[in-house]
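*Asks:* return atomic coordinates for the entry below.
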Amino acid sequence: MYLKEIIKLNEKIKHQNQYPFNISTIKALDTLHLTKNVTFFVGENGSGKSTLLEAIAYQCEFNTAGGSRNNAYELDSSEAKLGDYIRLSWMPKMNRGFFLRAESFYHFASHIDELAKEDPGIYHAYGGKSLHEQSHGESFLSLFKNRFGQSGIYLLDEPEAALSPARQLAFLSIIHELQKHAQLIIATHSPILMGYPNAEIFNFDEFPIKQIKYEDTSHYQISRRFLENRKKILRELID
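*Replies:* Got it, this is the predicted structure:
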């Protein structure tokens with residue numbers, strides 16, 4: 001592990017009622033202690049998990065539009081408003097890694113194509129060809145398999161967005177290999193991904209943020225209930 005603690009600098013915040021400080025989980029945040037190589041942030045949309053993940057990427061000096069420290073391109077929606085108001089505690093300090101934003105992955109792929117005009121060899125780190133020439137799911141797995149090979153910290157915001165259930169299972173194998181020499185923090189809605197054994201799961205639907213067991217997550221419970229009682233639930237929803 002590299003990142004041990006995420007500390008919110010409350011003394012620097014002058015307008016507590018403004019976004020993103022008015023998000024309930026962010027408002028209640030003081031210090032978040034990380035103890036595992038694989039950590040999941042889970043919760044409803046708008047609960048603050050992506051906001052905090054982006055702030056961590058900002059402090060790591062990764063491009064908050066998606067990428068590493070070496071990927072210099074701009075995206076209007078990539079400003080990390082929380083980034084200046086947290087401090088990261090490391091042991092040891094790590095500045096290698098990658099920040100994946102599923103929502104802006106198209107722009108990252110276009111950025112790689114621009115770099116490849118000068119150096120076609122850059123595609124070697126992305127499966128040997130343009131990410132735009134692969135399906136969405138293939139391009140994600142190419143990134144995970146080829147670009148994520150070295151030690152570092154990997155911040156992934158909803159990586160399941162492009163992955164079928166079968167490819168999510170394949171990604172679990174990639175997570176297992178990566179965590180042997182890297183740290184992963186993953187914001188996800190996927191009950192498949194968050195089922196990775198011995199991972200730390202933080203529930204952003206609690207104020208303050210608390211650890212939660214896999215079987216206690218709403219994602220697991222709702223998915224299980226639907227799969228076991230599909231006809232009954234559909235009748236309740238539709239009839």
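*Asks:* what stretches of the chain score poorly on pLDDT?
*Replies:* Across the chain, the ranges flagged by pLDDT under 70 are 68-80.
*Asks:* can you do 50?
*Replies:* 77-78 (pLDDT under 50).
*Asks:* ranges for the helices of it?
*Replies:* With DSSP state H applied, the chain shows helices at 24-28, 49-59, 105-118, 136-142, 165-178, 218-228, 230-238, listed in chain order.
*Asks:* in terms of secondary structure, what does the third one contact?
*Replies:* In this structure, helix 105-118 packs against helix 136-142, with contacts taken as 3 or more Cβ pairs under 8 Å, 6 or more residues apart in numbering; DSSP states H and E. All C-beta atoms are positioned from the backbone trio N, CA, C, and that covers glycine.
*Asks:* export the helix it packs on as CSV, just CAs?
*Replies:* Only the C-alpha atoms of helix 136-142 are listed here, as CSV (Å, rounded to 0.1, in the frame of the first residue of the first chain):
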residue,chain,number,x,y,z
HIS,A,136,-15.7,0.3,-25.6
GLY,A,137,-15.2,-2.8,-23.5
GLU,A,138,-12.1,-3.9,-25.5
SER,A,139,-10.5,-0.5,-25.1
PHE,A,140,-11.0,-0.5,-21.3
LEU,A,141,-9.5,-4.0,-21.0
SER,A,142,-6.6,-3.0,-23.2
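*Asks:* pull out the buried positions in that helix.
*Replies:* 137, 139-142 (16 or more other Cβ atoms under 10 Å).
*Asks:* His107 reaches Gly66, doesn't it?
*Replies:* Yes: with contact defined as Cβ atoms under 8 Å, His107 counts as touching Gly66 (7.1 Å).
*Asks:* those two: who's more crowded?
*Replies:* Each of His107 and Gly66 has its neighbours counted (other Cβ atoms under 10 Å); Gly66 has more, 27 against 17.
*Asks:* thinking that one is in contact with Ser104, fair?
*Replies:* Yes: look at Gly66 against Ser104 with Cβ under 8 Å: they come within range, at 4.9 Å.
*Asks:* give me the neighbour count for Ile186.
*Replies:* The burial count for Ile186: 27, using other Cβ under 10 Å.
*Asks:* what residues are bridge-paired with it?
*Replies:* Counting by DSSP bridges, Ile186 forms beta bridges with Phe40, Leu156.
*Asks:* and it, how far from Ala161?
*Replies:* To Ala161, Ile186 is 12 Å away according to Cβ to Cβ, to the nearest Å.
*Asks:* name the stretch among the helices of the chain that sits most buried.
*Replies:* Mean neighbours per residue, mean count of other Cβ atoms under 10 Å, is largest over the helices of the chain for helix 49-59, with a mean of 24.
*Asks:* for that one, enumerate the helices and strands it packs against.
*Replies:* Against helix 49-59 (3+ Cβ pairs under 8 Å, 6+ apart) you get strand 3-8, helix 24-28, strand 38-42, strand 86-90, strand 97-101, strand 152-157, strand 182-187.
*Asks:* okay if I get the ones you listed as JSON lines plus distance to Gly121?
*Replies:* Shown next, in JSON lines, are those (distance: least, Cβ to Cβ, whole Å):
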{"stretch": "strand 3-8", "distance to Gly121": "31"}
{"stretch": "helix 24-28", "distance to Gly121": "41"}
{"stretch": "strand 38-42", "distance to Gly121": "31"}
{"stretch": "strand 86-90", "distance to Gly121": "32"}
{"stretch": "strand 97-101", "distance to Gly121": "19"}
{"stretch": "strand 152-157", "distance to Gly121": "21"}
{"stretch": "strand 182-187", "distance to Gly121": "24"}
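*Asks:* which one of these lies closest to Ala199?
*Replies:* strand 38-42 (4.2 Å; Cβ to Cβ).
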